[in-house]
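Peer 1: next one to model:
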Amino acid sequence: MTTTTLAVLVPLLPFLGAAAGLLLGGTSPGLARPLAVLPPLASLLLAVTVAVRQGGGQAVDAHTELTPTGSVPIELALHIDGFAALVAVLVGVVATCVQIYSTGYLRDDVRYPSYAALVSLFTSAMLLVVYSGDLMVLLVGWEIMGICSYFLVGHYWETPEARAASLKAFLVTKLGDVPFLIGLFALATDAGSFRITSVLGTVASGGLHHPTLVALLLLAGVAGKSALFPLHTWLPDAMAGPTPVSALIHAATMVAAGIYFVARLLPVFQASSAAMVTLAVMAGVTMAGSGLAALAQDDIKRVLAYSTIGQLGYMAGALAVGDRGAAVFHLLAHGAFKALLFLAAGVVIHASGTNSLAVMSRMKGLRDRVPDAYWTMTVALLALAAIPPFSGFFSKEAVLGAAEHVATGHTEHAPGAAGWIVLVTGLITAVLTAAYATRLWLLAFHGRGAEAPDHGRQPNTMTAVLWVLAVPSLAFGLAYGPLPDWFDGRDLTPVLTTSVLGTGLALVGGIVTYGAWRHTTALARVPLGAVAAHPDADAGQVEAEAIASHEPAFGDIAYAPDPADPGRLLLGPLHRHAAVGFHLDAVYHALFVRPVQAGARLVRFLDREVVDTYVRGAGALPRWLGTVVRRAQTGNVQTYVSALLAGTVVLVVAAVLVATGA
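Peer 2: As a prediction, the model looks like this:
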């Protein structure tokens, strides 16, 4: 088969698997798992074949008119260059791992067939975005991912947290999608086509009339989809969904789509210096703010969620300095180790019975209960902290190196201000990233107190996937040598200055956090009174139960919820603000939710007190006349005859008076 035919099958197979899963999964439960795993696995193999054939050389282009529009044509088009081929492989790897992992993680879930079908549809939509050469077709995949995230985040719809999170994710991303759609129409109007190659040709020839306006409109949609400041608030709440869904959203779909879109249309944004500086500011605030917030979270999945936001900030920062090679390199490396982090966290949560790091810090022996998760998560956290030779070091260094080149004036791909913003905030975030990665590792795996609960060995489908993802988390960064052929010839070799700075700051962040943990652990109190009152109770168990319930043990011992949390010591007074995301949700509630609710109350008042009053008044007059007429209809013949005679007399008298007057 031709490369074009294979490329068409890559998004088509998961779509067919999703359709078959929805139709057959409920009636034939035995088919649910094969229909979940085999289509994305086949799609992955085809994506690898397409990548090998493309080879980082000339882009694969094919198109056919989808439907006549009478104006700007909409075409079913493919445009597969080097980084598109690699991103498709990433999507296939993560989606396949998530589906395999889910067969164990959700083995007792009655809604597993619909869940698996939605994951396949999610995968198909992202692959459509990756391979599409037409902006309108890309938009279809973009929006399908939005509705899939709504259903998957709300999978546990019985809980109010899941329902609220799914609605929030849908509404916040749609808030960005409205200007995004307007920007696409404006872009296509100037180019006379939705074809990406035509749009880029128009930009190159200077035919884009309002580059700043178009770029800012598109950035609104990117901020919503890729959880960049200020539309990032939905992503931490989306942790209410199943953990494998979190891995899929954070590593290879949804949030990666916005970064990928900007990388594909980077010349559009480079046409406006204001847009590039705006993107740099968004990236800087996203990086630093999320790093501080992650250091204050107690829920292990929310720590990883804010971690994702920070890494997306790095990718956006690379794009803000005009280097899509560094951005996509970090997207690929991050996809591997972030999928591993979430899937390993799922194993840890299953073993400990809680998401709370405070409770885990009171459990000893948890790492012995889940050795696979412990070792693979250690690898992933080292990659996240950008410690060499793990993959995150090379990809993050590519971002910092690109920012340093722009800041020092060695390249003119972006304004110098954008370079300095990304470089400074990127180095600050390197410290914070290492700090919260170290904190998570210490609290989750080095607790003291009660013996960790023993839920038995985890299913092999869950643990095997962790080791598969550990390989690229460790080794993918070493691929920086051959990757330039796939990324426009960009040299991804680490730069000495930023390598030393970034690694040194990361080590400082990790060492300081470890010191703070040792200090806070030494100060943590032991509930001696509770143990004395209950001599048969294990001291650690008493502590763990007390913290888990957030109540004093046996009613007489006061506890802090996180007595050995180094994050509280490091952040100081900033901790309570960082723990709630710097009150951004409260700001949005005041700026948007309350006015909308007030408007709704006003409309309800007008409807009830004005419109309903008019309707009631319009009905009152006929009702009154009907009452009068009804009372005249007594059914008494004598009354009718009397009224007839009286009327006759009145008419006669009136006639006489008229005649007399005449």
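Peer 1: quick one, strands of the stretch 401-550 of the chain?
Peer 2: Per DSSP state E, counting those that start in this stretch, the stretch 401-550 of the chain carries strands over the ranges 450-451.
Peer 1: tell me where the model's unsure across it.
Peer 2: Along the stretch 401-550 of the chain, the model assigns pLDDT under 70 to residues 455, 522-550.
Peer 1: and for the chain?
Peer 2: Along the chain, the model assigns pLDDT under 70 to residues 26, 455, 522-563, 662.
Peer 1: in it, spot the helix with the most residues.
Peer 2: helix 160-191 (DSSP state H).
Peer 1: helices or strands up against that one?
Peer 2: Contacts defined by 3 or more CB pairs under 8 Å, 6 or more residues apart in numbering; DSSP states H and E place helix 160-191 against helix 135-153, helix 196-204, helix 211-225, helix 234-237. The C-beta positions use only the backbone N, C-alpha and C, and glycine is treated the same way.
Peer 1: flag every buried residue along it.
Peer 2: Buried positions in helix 160-191, judged by neighbour count with 16 or more other CB atoms under 10 Å: 162, 165-166, 168-170, 172-173, 175-177, 179-184, 186-188, 190-191.
Peer 1: could you do stretch 475-483 as well?
Peer 2: So for stretch 475-483, counting by 16+ other CB under 10 Å, buried means 476-477, 479-480, 483.
Peer 1: TSV for those residues, including distance to residue 203?
Peer 2: TSV is the format used below for the buried residues of stretch 475-483 (distance: CB to CB, whole Å):
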residue	distance to residue 203
476	32
477	32
479	30
480	29
483	25
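Peer 1: show me where the stretch 1-150 of the chain has its strands.
Peer 2: Under DSSP E, counting those that start in this stretch, the stretch 1-150 of the chain gives strands at 60-67, 74-80.
Peer 1: can I get those strands in a markdown table including mean neighbour count and distance to residue 288?
Peer 2: Listed next are the strands of the stretch 1-150 of the chain as a markdown table, based on neighbours: other CB atoms under 10 Å; distance: least, CB to CB, whole Å:
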| stretch | mean neighbour count | distance to residue 288 |
| --- | --- | --- |
| strand 60-67 | 14 | 39 |
| strand 74-80 | 22 | 35 |
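Peer 1: residue 513: which of those is closest?
Peer 2: strand 74-80 (42.9 Å; CB to CB).
Peer 1: got CSV for the strands of the stretch 1-150 of the chain, with distance to residue 337 too?
Peer 2: Listed next are those as CSV, based on distance: least, CB to CB, whole Å:
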stretch, distance to residue 337
strand 60-67, 29
strand 74-80, 25
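Peer 1: out of those strands, nearest to residue 634?
Peer 2: Comparing those under CB to CB, the one sitting nearest is strand 60-67, at 71.9 Å.
Peer 1: name the residues that touch the closest one?
Peer 2: Residues outside strand 60-67 that contact it (CB atoms under 8 Å, 6 or more residues apart in numbering) are 3-4, 7, 50, 54, 73-81, 133-134, 137, 195, 197.
Peer 1: at 6 Å what do you get?
Peer 2: For strand 60-67, contacts defined as CB atoms under 6 Å, 6 or more residues apart in numbering pick out 3-4, 54, 73-80.
Peer 1: quick one: which of the residues you listed is nearest residue 632?
Peer 2: Of those, the one sitting nearest to residue 632 (CB to CB) turns out to be residue 74, at 70.0 Å.
Peer 1: for that closest one, which residues make a bridge with it?
Peer 2: Beta bridges link residue 74 to residue 67, judged by DSSP bridges.
Peer 1: likewise for the one 4 residues further on?
Peer 2: Each beta-bridge partner of residue 78 is listed here, defined by DSSP bridges: residue 62, residue 132.
Peer 1: ok, it - contacts?
Peer 2: So residue 78 contacts 7, 62, 131, 133 (CB under 6 Å, 6+ apart).
Peer 1: for residue 635, see how far away it is.
Peer 2: 85 Å (CB to CB, to the nearest Å).
Peer 1: cool, and residue 417?
Peer 2: 93 Å.
Peer 1: take the buried residues of stretch 475-483 and keep only those in helices.
Peer 2: Those of the buried residues of stretch 475-483 lying in helices (DSSP H): none at all.
Peer 1: contacts only, for the residue most central in space within the chain.
Peer 2: Nearest to the geometric centre of the chain sits residue 235, at 4.4 Å (CA atoms, centre = their mean). By CB under 6 Å, 6+ apart, the contact set of residue 235 is 227, 305, 309.
Peer 1: these into a markdown table, with extra columns for distance to residue 254?
Peer 2: Converted to a markdown table, the contacts of residue 235 look like this (distance: CB to CB, whole Å):
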| residue | distance to residue 254 |
| --- | --- |
| 227 | 8 |
| 305 | 12 |
| 309 | 13 |
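Peer 1: how much space is there between the residue nearest to residue 411 when sequence neighbours are not counted and residue 387?
Peer 2: Among residues not flanking residue 411 along the chain, residue 405 sits closest, at 4.9 Å (CB to CB, 6 or more residues apart in numbering). To residue 387, residue 405 is 23 Å away according to CB to CB.
Peer 1: from residue 193, how far out is residue 202?
Peer 2: 8 Å.
Peer 1: what's the burial count for the residue nearest to residue 239 when sequence neighbours are not counted?
Peer 2: Spatially, and ignoring its direct neighbours in sequence, residue 239 is nearest to residue 301 (4.0 Å; CB to CB, 6+ apart). By other CB atoms under 10 Å, the residues close to residue 301 number 21.
Peer 1: confirm for me that residue 301 is in contact with residue 240.
Peer 2: No: at 9.0 Å, residue 301 does not count as touching residue 240 under the criterion of CB atoms under 6 Å.
Peer 1: my guess is residue 285 contacts residue 231. True?
Peer 2: No: look at residue 285 against residue 231 with CB under 6 Å: they stay out of range, at 11.9 Å.
Peer 1: more crowded one of those two?
Peer 2: Neighbours per residue (other CB under 10 Å) separate residue 285 from residue 231, with residue 231 holding more: 23 against 17.
Peer 1: show me what contacts that one?
Peer 2: Neighbours of residue 231 in contact, by CB under 6 Å, 6+ apart: 172, 176, 223-224.
Peer 1: kindly recompute the last result at 7 Å.
Peer 2: By CB atoms under 7 Å, 6 or more residues apart in numbering, the residues touching residue 231 are 172, 175-176, 223-224.
Peer 1: which secondary structure state does it sit in?
Peer 2: Put simply, residue 231 is coil when judged by DSSP: H, G, I helix; E, B strand; the rest coil.
Peer 1: the residue lying closest to residue 487 once chain neighbours are set aside: neighbour count?
Peer 2: Distances taken as CB to CB, 6+ apart put residue 325 closest to residue 487, at 3.3 Å, once the chain neighbours are dropped. Neighbours of residue 325 under the rule other CB under 10 Å: 23.
Peer 1: for the one 4 residues further on, same thing?
Peer 2: A total of 33 residues lie near residue 329 under the criterion other CB under 10 Å.
Peer 1: tell me the helix or strand right after the helix or strand it falls within.
Peer 2: Assessed by DSSP states H and E, residue 329 sits inside helix 324-352. The helix or strand immediately downstream of helix 324-352 is helix 357-360, counting by DSSP H and E.
Peer 1: for that following helix, name the packing helices and strands.
Peer 2: Counting by 3 or more CB pairs under 7 Å, 6 or more residues apart in numbering; DSSP states H and E, the packing neighbours recorded for helix 357-360 are helix 416-445, helix 539-549.
Peer 1: show me how far the helix or strand following that helix is from its chain's centre.
Peer 2: As assigned by DSSP H and E, the chain's next helix or strand after helix 357-360 is strand 363-364. Put simply, strand 363-364 sits 32 Å off its chain's centre (CA atoms, centre = their mean, to the nearest Å).
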